[in-house]
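1. Sequence first, then the predicted structure:
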Amino acid sequence: MSNAATFDTRTDGAIPVESSLAYSYHRSGTPRVGPQSRVILRERALLGHLILRGGAIVLDEAVREVLGLGLPGQPQGLVVDASGERSVQWLSPDEWLVIVPGGEEFELETRLRERLADAHYAISDVSGGQTLLELSGEAARELLMKSAIYDVHPSHFPVGKGVTTVFAKATAIIRRPSEERWELVIRRSFADYLYRWLLDAGAEYAIGVEK
Amino acid sequence: MSQSKKQANRLAKGGRIDRSRTLSFTFNGQSYQGHPGDTLASALLANGVDIVNRSFKYSRPRGIVAAGAEEPNAIVQLGSTEAGQVPNVRATQQALFAGLTARSTNGWPNVQRDMMGLVGKVGGKFMPPGFYYKTFMAPASMWMTYEKYIRKSAGLGRSPMEVDPDTYDHLHQHCDVLVVGGGAAGLAAALAAARSGARVIVADEQEDMGGSLLDSRETLDGKPADQWVAQVLEELAGCENVTLLPRTTANGYHDHNFVTLHERRTEHLSETAPLVNGHRPVRSRMHRVRAGQVILATGAHERPLVYAGNDVPGNLLAGAVSTYIRRYGVAPGNKLVLSTSNDYGYRAALDWKEAGREVVAIVDARQAPAGDWVEAARAQGIKVITGSAVIEAKGGSRVSAARVAKIDIDTFKVIGQAETLACDTIASSGGYSPVIHLASHTGARPTWRDDLLGFVPNLVKGVQACGGANGTYDLGEVLAEGVEAGVKAAAATGHAAPAVSLPQAKTLEQGPAAPLFQVPHEKPTLRAPKQFVDLQNDVTAAGIELATREGFESIEHVKRYTAMGFGTDQGKLGNINGMAIAARCLGRSIPEVGTTVFRPNYTPVTFGAIVGRHCRDLFDPERYTALHQWHVEHGAEFEDVGQWKRPWYFPQTINGKKETMHEAVARECLAVREKIGILDASTLGKIDIQGPDAREFLNRIYTNKWMKLDVGRVRYGLMCKDDGMLMDDGTTSCLGENHFLMTTTTGGAAGVLEWLELWHQTEWPELQVYFTSVTDHWATMTITGPEARKLLAEITDIDLDRDTFKFMDWRAGKVAGVPARVFRISFTGELAYEINVQANYAMHVWKTLFEHGDKYGLTPYGTETMHVLRAEKGFIIAGQDSDGSVTPEDLGMQWAVGYDKPFSWVGKRALSRSDTRRTDRKQLVGLKPKDPKVVLEEGAQIVFDPKHAIPMPMAGHVTSSYYSPTLDSGFALGVVKGGHNKLGETVYLPMADGQTHEAEIVSPIFYDPKGERQNV
Amino acid sequence: MQRYSGFGLAKHALSHHENWERQWRNPTPKKQYDVIIVGGGGHGLATAYYLAKEFGVKNVAVIEKGWLGGGNTARNTTIVRSNYLWDEAAALYEHSMKLWEGLSQDLNYNVMFSQRGVLNLGHTLQDMRDIQRRVNANRLNGIDGEVLDAKGVQELVPIMDCSKNARYPVLGASWQPRAGVARHDAVAWGYARGADAHGVDILQQTEVTGFKIRDGQVYGVHTNRGDIEAKTVGCVAAGNSGVLAKMAGFRLPLESHPLQALVSEPLKPILDTVVMSNHVHGYISQSDKGDLVIGAGIDGYNGYGQRGSYPTVEHTLQAIVEMFPIFSRVRMNRQWGGIVDTCPDACPILSKTPVKGLFFNCGWGTGGFKATPGSGHVFAASLAKGEMHPIAEPFSMFRFHSGALIDEHGAAGVAH
Amino acid sequence: MFYIHCPYCGEHREEEEFHPKGQAHIERPKDPEACSDEEWGDYLFFRDNPRGVHHELWVHAVGCRKFFNVTRHTVTYEILETYKMGEQPRITAESLASQQTQGNVQVASGGQQTVGATNAAAPSVKGEQV
């Protein structure tokens, strides 16, 4: 144990909880998904998000053992488990983003810490600070091209990639977990701005929001 | 409005226009008709409109000269509604649409009868280049009056006065090969690159791709050239790896193959974007392209010859004459004289003749022109006058005759008598200049080639030029060069291109061109009738000669003195001629006079397109806390702090009257001091710091000591830059032996995180520590006031006993059923708890606090009240009470400086420099106004001697100043020279209204100096 | 020197303008001068002019590697103001402002100094505190200015969005009525003509390739046209100062950065004053020709390429359209870049150097044009005496050792 | 706008993801207290400002957040290499000059002797002096 304080920030399900977009849904609404919709936006709210810091070799074994997923071997790598519910993404040579179903993150952190013992590493729970959006539909990629400076062409952005980049005037993580689906990981405080941006830029494609 | 007129100059057949449909449009209040496929310019010419504008300086009547981006005269104001106004539209690039409404940009009362033209005629003599530098100087006081009148004649079009109804966006494109220009070279290059499988973008500025092939006389494989164009476009359109962008201008070529393409998506349809399925599409779109390889196939611009009267309507470029006839089915006149220095010009005469109009003569500057073109003209029975040129165009509102004479180019003389040929149109060609604008955006200077009489581009890495842009004009060679460029570019991006079989072009035998730019006149240039070089800015050959006489010898000087090339056409027609004239006057060669540098944009671009979607509500992100909706619903006024929207104060409506800020803040302050208030402090930056060397790191980055802070404790710290000046402050809590939570100022969060990483990554990589931002993860609610403990106790399982949960302790537990970390720290001086919960639970906790807090008088407060309360306690705000020139010692915070720490922490060394050791530095003190009713102005300057003459020595200024409802008086913080040793002394604050306030220097702690209240 | 006047213009018109004299000579370099100025931009030419005219040093050469006035003088957005925060900077810029006010007459060259006033907008509470602080300091330093609220700003500039709906609403502004703009090229040409008339040799296309230094004292320069000697050398080379300093064997606390600017197409008059906003970051005025002249930000990297990065231009135009939504359909004609030499404290260097007789005048960052007359005047005084003029004294390069910086960054608003 | 190869991400990224942080290889004096004011001022403020090859520090701010070095030509803006923290450049003004002794690298004479501000804090001054 690395003398870090761990803290389970979740509590029982009876307590009301608000996603990063709660205010935005209230303020800007949720355009319906219709037959014209060429982009569909869906928030996967309240997931468990952990930032892992440390050496790849040290962490890889522990993550593999505890999560059943290895660290992505390459920069910009994203690995997703068979269920599609758990993923590990490379953020920097000593930093990974782990996303798991909401509520799993504390147990995961605890088990990782047990497994890593005295190694030098850090784990930070950031579940309250970010949320995950899914984009699907034939125009999803063009919507990303309107918004982000990173090249999202399939030849450059195959399934299994994830990058942190400039998105509109904020920062976002763009991920491609499958052929059909793009994901954005955005910060809570920028969520409303980015939601408004996506609705505005997506209006041309009759963007719909699934709740 | 008068009746529509017949299209007198429209030919019965030919052109790429749709004669089956008629479009009505209005120009200068007159109604006209044209066809789909027309530009505004071609439609005006079809209708016989000669005068399209008045010139900028001399107000001379001007007509259409060119058919593309190089047009200097036909600059119009578009728009039938106020919001739909578009200034300075080039008629040659504006597709005609039904209902188009345009006006000339100059001319009063109208372009036909312009009063300023008189002034230009009479006064023109008194307006040589730079005349304004030589006059309007006396008396000095009159300049602003003179200028008022000078400004009246400024400008071309006008800005709309209403907000733009249209929207714009950006598309971030990445490709292997970007081909700029969809003419012969560009299409050949695109074809080769496309077949390799490379990602290709082809951008072309015109309505249709094909470039000069759309009006070419030449054939490919024996068929009209535009058939090949159609075939290539069909193939490219079918390629998934190819993006075709017509109506798209590459306007800027930036570093590392970043090119901006401006795509006009609706400007050809109407003045504002038409609705599609209830959605208004973007008017234009900027493609921000990062290309692996760039191919510049931008073609060449024809140069006009410079002769007297060359600006009279009816003087056109030879190539433009061909374009109007062949592409638009318009013959812009009846009787043509062609003046040329080369073979290319002959096409205009042949086309004119084929259109059934009269060619009076071809006047060729060469002594013995020969070759296929010359033969063709002679075969048509066209008279060719050799060794001669049009030396002067006659006519007022339209050319009436051409004066033609033999000339000697070498001695720049007219030989013998001039002959006057009656005509209504003069076409001229001085040869072609490769369009090198984009290449020169990269900073690469072009090279002059005597054989081409033009500059060709020098190229940076990853770019090629082909076809006209490279000075290659033979169609067969152009196509071959295009393919070669396409193959090479594809290969450079890892794509092998299969062979491309090219259509056969007939190679015509051509003769060399004569180096003719300015045509001599019988009179010397300074005395001859005006010979225009830059039509838009009214720059004449005489003006250039005068500039060189006055010592302006570099072309950059000449351009600036005469304003040549500074118009909206950026000298596309005139610059090379101007350089040639300057070279002649100086007795130098063209490259010796200078080179020509172009800057983005190639053609002007709407601000809106550059701005894209980053305007109005999306101009800049608004960052919200998890409690934002509550604040909005409770009527908060917001303050911008960085990108955050923070509640500033919460005005209540009491007895039907909304509180003023002053009232609200007084109420909020008293609530905290007497009962309890609550602040959303979630915007503070929070950084999670873990690792065995975390303490050591904190010890180096903060000015104070961190080795002995126990788990469960919190400490305030100051952070300096290595110049010793305060950078940021905040508290850091020890969560575990190797685990800390740092807080930063709201505005400083990102900067501090990067600062920590900078030191860790560059100076101390050996320290084992990691930093992760958790700002957004935690919501922070501060409850503060005498009732804080009671309220919190109702909803928490944490033991709040004052002796076990002490000031500057933190504890974990549950608040309102939610796991929370509670920090007993105070920025108000009252008992205070900062409750941190995961942000998704914040609203629940906040609302629960209110459910329980009502009975204690729980009052939400904003940043203004926070400021008053902290200032009463003498707590600083970094960035308000400090400004980048303030040390911790200046702030009187030696208690937070660990002078004896073993490591020389960041900022320490600088504190012992001679200037930071001065005792008369500006130091933070309290300021008590002598009159308690006075609230000093923040930013008021402090002086010791208010009777001193101006300039009055200043000793400091007020950094924070408020009315304190608790003290019922004004009070302030400020910095004063040597202030720490001046307690009790009086300083003065002379104000703009003539009053001088007096204040006493006091301790900055105005309230509860012993700090007892935070420990109730 | 041929005097310029309206009458003279008329006379020349009658002789077809055939008798205008050169505005300056194209002399052959002499072997030796009393003073060499390296750099023929506005500041260098002004230095030479005042040296010859006011301080009696007429044997002066100005050495310019390109064409006079071809650097930042030709590339700036021509804003002139003196409402600086700190006493030292205020004294320097106000000295300059007073010279501007009679400059056209002094030079007999109309530099079109147009006192149409400058607004520095405030969009946050801290902006307004800074504005109050600066205007109060200006007043006590004898510099004109007042603080306006949003309503006052709206009255001065009716076309600006001063509503509360803006992302960063205008809360107020500082207003300096004496501030304005001038015709940048004319400033260089006017000083060149004036200096030349007083006997100064302006040597264009002459590049300094090294310094002649013996026993710590400069005695001349190497150039591509041969060696030229002088015991006093003043370097006024803006972005190229670092390169010159290196030739002389020392470093400066300078970085040369690209600074971009742009103009719209010419429009009928619509904006009378100069509007600057530090917070949304853009500044704008309208020239006598009708162009909206817009200053973009500085690029963060070192660069001598006279061009910067495109996003800088985008951000600037976003700011302009945010302030002036009606300009959305106006079109940008041209953009360009200068090379600005920036100091860590956003104040210039007017200084002796480790080499005796060698003086530097540099580090003006984005604020050089407005200082041209004052900078030239006090630098000339310093070169003539061999001791820094009292106004120049605080701007020593050695302040970066003692720590006595004049930090205009924080409170002085955007330093253009 | 630059296209910068991040040595940590292993690919080119747009300039907008990065922040330039000034001259590279400026090392903080190991014993600041032993520095004179002059030496400390040199470390804080005095920089090479070459017209030509320059080594700079950048951070991949919107990306992997790593600091790294860039060797870039300050006139052409060509990026010659990027390399990780702790590594030394492979391309310098000197190495380029010796590659192209006949090239157009400008020869600048420093005069007969130099009296520079001391460079205790900085690596030996690199430059075009040939």
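-> Yep, it's here. Quantities reported herein were computed from a predicted structural model and do not represent experimental measurements.
2. Tell me the pLDDT of the residue of the stretch 151-300 of chain C found nearest chain D.
-> Closest residue of the stretch 151-300 of chain C to chain D, CB to the nearest CB: C:Gly249 (2.2 Å). Heads up, the C-betas are built off the backbone N, CA and C, glycines and all. The model reports C:Gly249 with a pLDDT of 96.
3. now the helices for chain A?
-> Using DSSP state H, the helices found in chain A span residues A:22-28, A:56-67, A:105-116, A:140-147, A:191-202.
4. ok, back up a step: so the residue of the stretch 151-300 of chain C closest to chain D is in contact with C:Ile213, correct?
-> Yes. Using CB atoms under 8 Å, C:Gly249 is in contact with C:Ile213, at 7.4 Å.
5. and those two? which has more neighbours close in?
-> Taking C:Gly249 and C:Ile213 together and counting by other CB atoms under 10 Å in any protein chain shown, C:Ile213 has the greater number of neighbours (25 against 20).
6. So which bits of stretch B:447-467 are buried?
-> Neighbour-count burial for stretch B:447-467 flags B:448, B:452-460, B:463-467 (criterion: 16 or more other CB atoms under 10 Å in any protein chain shown).
7. Of those residues, which ones also sit close to chain D?
-> B:Val460 (CB under 8 Å from any CB of the partner chain).
8. Return the member of the buried residues of stretch B:447-467 nearest to B:Leu718.
-> Set against B:Leu718, the nearest of the buried residues of stretch B:447-467 by CB to CB is B:Val460 (48.2 Å).
9. Would you agree that closest one is in contact with B:Ala444?
-> Yes. With contact defined as CB under 8 Å, B:Val460 counts as touching B:Ala444 (5.4 Å).
10. hang on, the earlier thing: redo the helices of chain A as a markdown table? Include mean neighbour count and mean pLDDT.
-> A markdown table is the format used below for the helices of chain A (neighbours: other CB atoms under 10 Å in any protein chain shown; pLDDT from 0 to 100):
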| stretch | mean neighbour count | mean pLDDT |
| --- | --- | --- |
| helix A:22-28 | 18 | 98 |
| helix A:56-67 | 17 | 94 |
| helix A:105-116 | 18 | 96 |
| helix A:140-147 | 22 | 98 |
| helix A:191-202 | 23 | 98 |
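11. Adding distance to chain C, write those helices out as JSON lines.
-> JSON lines is the format used below for these (distance: least, CB to the nearest CB, whole Å):
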{"stretch": "helix A:22-28", "distance to chain C": "16"}
{"stretch": "helix A:56-67", "distance to chain C": "31"}
{"stretch": "helix A:105-116", "distance to chain C": "35"}
{"stretch": "helix A:140-147", "distance to chain C": "14"}
{"stretch": "helix A:191-202", "distance to chain C": "11"}
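12. possible to save the ones you listed as a markdown table with distance to B:Met719?
-> Below are these laid out as a markdown table (distance: least, CB to CB, whole Å):
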| stretch | distance to B:Met719 |
| --- | --- |
| helix A:22-28 | 33 |
| helix A:56-67 | 30 |
| helix A:105-116 | 29 |
| helix A:140-147 | 35 |
| helix A:191-202 | 29 |
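13. re the thing from before, and the buried residues of stretch B:447-467, which two are furthest apart?
-> So, the buried residues of stretch B:447-467 by CB to CB: farthest apart are B:Leu453 and B:Val460, at 24.8 Å.
14. In the chain, where is pLDDT below threshold?
-> Using chain A here. By pLDDT under 70, the low-scoring segments of chain A are A:1-2.
15. let's do chain B instead
-> B:1-5, B:116, B:118-120, B:122.
16. can you rerun that using 50?
-> Where chain B drops to pLDDT under 50, the residues are B:1-4.
17. can you list the domains in it?
-> Split into domains by automatic domain parsing, chain B comes to B:23-154, B:168-297+B:434-506, B:303-431+B:513-521, B:523-602, B:684-774+B:876-907.
18. Then chain A?
-> If you go by automatic domain parsing, chain A breaks into A:20-45+A:129-211, A:47-126.
19. Please list all residues in contact with the closest residue to chain A within the stretch 51-200 of chain B.
-> Residue nearest to chain A within the stretch 51-200 of chain B (CB to the nearest CB): B:His174, separated by 3.8 Å. When contacts are counted by CB atoms under 8 Å, 6 or more residues apart in numbering or on different chains, B:His174 touches A:Asp151, A:His153, A:His156, B:Arg199, B:Val289, B:Arg290, B:Ala291.
20. Pretty sure it sits in a helix.
-> No. Using DSSP: H, G, I helix; E, B strand; the rest coil, the assignment for B:His174 is strand, not a helix.
21. in the sheet, who's paired with it?
-> B:Arg290 (DSSP bridges).
22. List the contacts of C:Ala90.
-> C:Ala90 neighbours (CB under 8 Å, 6+ apart): C:Ser82, C:Asn83, C:Tyr84, C:Ala137, C:Asn138, C:Asn141, C:Ile143.
23. would you say it is within a helix?
-> Yes. When three-state DSSP is applied, C:Ala90 is found to be in a helix.
24. picking up where we left off before, how close does the residue of the stretch 51-200 of chain B closest to chain A get to B:Arg265?
-> Distance, B:His174 to B:Arg265, by CB to CB, to the nearest Å: 21 Å.
25. next one: B:Gly567
-> Taking CB to CB, one finds B:Gly567 at 27 Å from B:Arg265.
26. who has more neighbours, those two?
-> Between B:Gly567 and B:Arg265, counted using other CB under 10 Å, B:Gly567 has the larger neighbour count: 26 against 17.
27. Give me the nearest residue to that one, chain neighbours excluded.
-> Among residues not flanking B:Gly567 along the chain, B:Gln536 sits closest, at 3.4 Å (CB to CB, 6 or more residues apart in numbering or on different chains).
28. thought that neighbour was touching B:Lys572?
-> No. Assessed by CB under 8 Å, B:Gln536 is found out of contact with B:Lys572, at 10.1 Å.
29. Overlap of the contact sets of these two?
-> In contact with both B:Gln536 and B:Lys572: B:Pro72, using CB under 8 Å, 6+ apart.
30. In terms of packing, which of those two has more residues around it?
-> Between B:Gln536 and B:Lys572, counted using other CB under 10 Å, the more crowded position is B:Gln536 (28 against 25).
31. which residues does the more buried one contact?
-> Shown in contact with B:Gln536 (CB under 8 Å, 6+ apart): B:Ser55, B:Phe56, B:Pro72, B:Asn73, B:Ile75, B:Gly567, B:Thr568, B:Asp569.
32. Does D:Arg28 touch D:Asp42 like I think?
-> No. With contacts counted by CB under 8 Å, D:Arg28 stays clear of D:Asp42, the gap being 11.9 Å.
33. Looking at the two, which is more packed in?
-> More neighbours surround D:Asp42 than the other of D:Arg28 and D:Asp42, with 25 against 17 (other CB under 10 Å).
34. Quick one: mean pLDDT for the one helix or strand the more buried one maps to?
-> Using DSSP states H and E, D:Asp42 sits in helix D:37-45. Mean pLDDT, helix D:37-45: 96.
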